[in-house]
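A.B. asks: the sequence and its predicted three-dimensional model are supplied below.
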Amino acid sequence: MKHIGQIFILLLAIFLCACKKRPNFPKTPEITFLSVNKQTITSYGVGIISKRDSVTISLYFKDGDGDLGSDDSNAGLNLFCKVLRKIENGYSQIPVYDTNKNFLYYIDKNGRFPSLNPDGRQGPIEGTLNYGPTLDFRSVIKDTNRYTLKFQIYMKDNNGNTSNTVETNDVLIENYSDIAVATP
């Protein structure tokens, strides 16, 4: 009888340790900026060498009902990324003008990401999302070969709930010129 009591206590301890309480996140997604990393990518083509800077932005996310992202190719955007350039008095969005200097729009790097809940269950999810917007502003930023950017980012879930907005650290970007290579 003594062993039955010990076995019961052991099983109860294992059961209690195995039970993990589900987190209680709000249904509106929340994001936290983790890091922004820059890489310089070199491409080799026929008679030309190209360089460009690339960034990867890492975000921590949590969502109470697990409806972040979509695998539907017709789904709309779900990640919104405003690009800000450092200027003398602070930061400004990068405008794009037509040839007559008429304002057309501001550059953004909005996108979409796949479902972050691949098993489709309802309930809280959390994790890290890495986003890598393309950065080739040579046709827009012509006044310098080096400039500082930062990004403001938010996301929307499938029910239209909008997360908080986070801002990255500064990142120095270079406008490289393509180098023509003599071919034999």
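C.D. replies: Arrived safely, thanks for sending. Numbering: from 1, shown residues only.
A.B. asks: elements contacting the helix or strand hosting residue 34?
C.D. replies: Using DSSP states H and E, residue 34 sits within strand 30-45. If you count contacts as 3 or more C-beta pairs under 8 Å, 6 or more residues apart in numbering; DSSP states H and E, strand 30-45 packs onto strand 48-63, strand 146-155, strand 166-167, strand 171-174. Yep, even glycine has a C-beta here, placed from its N, CA and C like the rest.
A.B. asks: quick check: which of the ones you listed is nearest to residue 132?
C.D. replies: Distance to residue 132, taken as C-beta to C-beta, is lowest for strand 48-63 among the helices and strands packed on strand 30-45, at 4.7 Å.
A.B. asks: residues in contact with the next helix or strand after that closest one: which ones?
C.D. replies: Next along the chain after strand 48-63, taking DSSP H and E as the criterion, comes strand 79-87. Outside strand 79-87, the residues that touch it by C-beta atoms under 8 Å, 6 or more residues apart in numbering are 57, 91-94, 106-113, 131, 133, 141, 147-156, 170.
A.B. asks: in CSV, list the C-alpha atoms belonging to strand 79-87.
C.D. replies: Extracted in CSV, the C-alpha atoms of strand 79-87 (Å, rounded to 0.1, in the frame of the first residue of the first chain):
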residue,chain,number,x,y,z
LEU,A,79,2.8,43.8,-42.8
PHE,A,80,3.2,47.5,-43.2
CYS,A,81,6.7,49.0,-43.3
LYS,A,82,7.3,52.8,-43.6
VAL,A,83,10.8,53.7,-44.7
LEU,A,84,12.3,56.9,-43.0
ARG,A,85,15.5,58.6,-44.1
LYS,A,86,17.6,60.6,-41.6
ILE,A,87,17.7,64.3,-42.5
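A.B. asks: can you check what angle separates it from strand 146-155?
C.D. replies: Strand 79-87 runs at 150 degrees relative to strand 146-155, counting by axes from the mean of the first three to the mean of the last three C-alpha atoms, to 10 degrees.
A.B. asks: for the residue nearest to the spatial centre of the chain, name its beta-bridge partners.
C.D. replies: Nearest residue to the geometric centre of the chain (C-alpha atoms, centre = their mean): residue 131, 3.1 Å. With DSSP bridges as the criterion, residue 131 is bridged to residue 57.
A.B. asks: quick check: end-to-end length of stretch 108-117?
C.D. replies: End-to-end distance for stretch 108-117, by C-alpha to C-alpha, to the nearest Å: 26 Å.
A.B. asks: so which bits of that stretch are buried?
C.D. replies: Neighbour-count burial for stretch 108-117 flags 108-109, 113, 115-117 (criterion: 16 or more other C-beta atoms under 10 Å).
A.B. asks: before I go, just wanted to say thanks for your time.
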